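Novice: This is a predicted model, with the sequence first.
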Amino acid sequence: MIKNNLEIDVKVKCLEEGVTQAQLAQMVGTSAPYVSRLINKKEGIINKIFVDMLDKLGYDIQLVYVKKKGAAEK
């Protein structure tokens, strides 16, 4: 079963793009402390029970990140 790594993925993508959590918060229209809480949350954004349910049904979750066409290169 996969572990919920969305938080780590967001941290890595911020580093790759040179975006701070405060900048990300502004981009999505929320506060920096809220973004920080989401990223550092122990249980993760996706409810663990749904991941467990899919695991018991014989499925893994795969996330693929694809750069949008026309997105500014850093």
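Specialist: Cool, the structure landed. A quick note: this is a predicted structure, and the numbers were derived from the prediction, not measured.
Novice: for this protein, which helix is longest?
Specialist: Taking DSSP state H as the criterion, the chain has its longest helix at helix 6-17.
Novice: From the chain's centroid, how far away is that one?
Specialist: The chain centroid and the centroid of helix 6-17 are separated by 7 Å under CA atoms, centre = their mean, to the nearest Å.
Novice: So which elements touch that helix?
Specialist: Using 3 or more CB pairs under 8 Å, 6 or more residues apart in numbering; DSSP states H and E as the contact test, the elements touching helix 6-17 are helix 21-28, helix 32-40. In this view, the C-beta of every residue, glycine as well, is placed from N, C-alpha and C.
Novice: same question for that helix, mean pLDDT?
Specialist: Taken as a whole, helix 6-17 has an average pLDDT of 86.
Novice: What are the buried residues along that helix?
Specialist: Within helix 6-17, the residues scored as buried using 16 or more other CB atoms under 10 Å are 7, 10, 14.
Novice: What separation do you get for residue 26 and residue 20?
Specialist: 9 Å (CB to CB, to the nearest Å).
Novice: Residue 66 too?
Specialist: 23 Å.
Novice: Just want to know which of the two has more residues nearby.
Specialist: residue 20 (12 against 5; other CB atoms under 10 Å).
Novice: What does that one show for phi and psi?
Specialist: Note on residue 20: backbone dihedrals following degrees, to the nearest 10 are phi -80, psi 170.
Novice: try residue 29
Specialist: With angles defined as degrees, to the nearest 10, residue 29 sits at phi 80, psi 40.
Novice: which regions of this structure lie under the pLDDT threshold?
Specialist: 1-4, 42-47, 72-74 (pLDDT under 70).
Novice: swap the cut-off to 80 and go again
Specialist: 1-7, 41-54, 71-74 (pLDDT under 80).
Novice: Dead centre of this structure: give me the residue that sits there.
Specialist: A centroid search over the chain (CA atoms, centre = their mean) returns residue 6, at 3.3 Å, as the residue closest to the centre.
Novice: picking that back up, need the buried residues of helix 6-17 in a markdown table (columns: distance to residue 31).
Specialist: Shown next, in a markdown table, are those (distance: CB to CB, whole Å):
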| residue | distance to residue 31 |
| --- | --- |
| 7 | 17 |
| 10 | 16 |
| 14 | 16 |
